[in-house]
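Peer 1: quick one, fold the following:
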Amino acid sequence: MVRAWRQGDAVAVASPDVSKHDRLAVVGQVEDAAPLVRDVLREVGPSYRPFGDEALVRDLAERVPGLTFSASFGWMDASEIPDLTTTAAWLDGDAGVEELLTEASPKSYAWPGRSGVRRWAALTGDRGELLSIAADAWSAPGVGFLAGVATHPVARGKGLSRQVCGFVTAELVKRHGRVALMVDGDNAAAIAVYRRLGYTYRRVAAAGMR
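Peer 2: Below is the predicted model of the structure:
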C-alpha cells in the first residue's frame, strides 16, 4: 500500500517493492524533509530507501541518524509521443523474456513474474525469436514506467532498442500522460537513445539505513 506524509513543504511517499526495493520518494527543502524522513522511517521501517534529487538525498544522509548515501543515477521522463516508425508490439505473454534478460541484461530490475512488472514489448526476428525487449513495470496512474530494456547481442547496433523503447514510451504516454525510467549515469549510449525519444535527464540518488 502506498502512503504519503507531509511536513512544511516536504512530502514523502512510501511505495513498497518498486524496482526491487521499498522506496521512499522525498521532495522539499531539507529543513523540513530531514525530520519528516526520520519520523517516517521510524514508522515504516529501515527497508525503505529514501529517493530524490541527489543534492537533497546527500543532505538527508548528513542529517538523518543512521542514514547513509547509497548511489546516484539518472531519472529520465517524457510527456510527448516519439515520432518514429516501429514494428514493436506487446507480447501475449513473457515466453523467452527471461532467457534474453539472462544473456543480455542479467542485472535488470524487471523480470517476468516480479511484483509490479505488468507486460513486455518486443521486436522479433523472422523465426519469432526475441531480439529487443522492454517492460511496462511499476507504472502508476500519473506516470508510466519503462524498464527491463535488453537487446540480444547479435542484434545490437541496429537501433532496435530505440524502436522498442519508442513503442513502450508512446503506449505509456497515451495511457498515463507521462513516462519515466531510471538509468545509470555513466551509460552514455542509453541516455543518448532516450534523449532522442524526447526524455529529459536529471540526477537523482538513493540512501539507506545502516
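Peer 1: longest strand in this structure, by residue count?
Peer 2: The residue-count maximum for a strand in the chain (DSSP state E) belongs to strand 67-78.
Peer 1: so the chain: which segments form each domain?
Peer 2: Listed by the TED database, the domain ranges of the chain are 3-73, 80-177.
Peer 1: would you mind measuring the gap between the ends of the last one?
Peer 2: Using Cα to Cα, to the nearest Å, the gap from the first to the last residue of domain 80-177 comes to 8 Å.
Peer 1: quick revisit: for Y201, find the nearest of the domains of the chain.
Peer 2: Nearest to Y201, of all these, is domain 3-73, at 10.4 Å by Cβ to Cβ. Backbone N, C-alpha and C define where each C-beta goes, glycine included.
Peer 1: how far does that closest one stretch from start to finish?
Peer 2: Distance across domain 3-73, first residue to last, is 24 Å (Cα to Cα).
Peer 1: now that domain, how far from the centre of its chain.
Peer 2: Domain 3-73 sits 17 Å away from the centroid of its parent chain (Cα atoms, centre = their mean, to the nearest Å).
Peer 1: average model confidence for that domain?
Peer 2: In this model, domain 3-73 has an average pLDDT of 96.
Peer 1: now do the strands in this protein.
Peer 2: 3-7, 10-18, 21-27, 48-53, 67-78, 89-90, 117-124, 130-137, 144-151, 179-183, 200-209.
Peer 1: got these as CSV, with mean neighbour count and distance to E99 columns?
Peer 2: Compiled in CSV, those are given as follows (neighbours: other Cβ atoms under 10 Å; distance: least, Cβ to Cβ, whole Å):
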stretch, mean neighbour count, distance to E99
strand 3-7, 14, 37
strand 10-18, 19, 24
strand 21-27, 19, 25
strand 48-53, 22, 30
strand 67-78, 18, 27
strand 89-90, 12, 19
strand 117-124, 20, 12
strand 130-137, 26, 8
strand 144-151, 25, 10
strand 179-183, 22, 23
strand 200-209, 16, 30
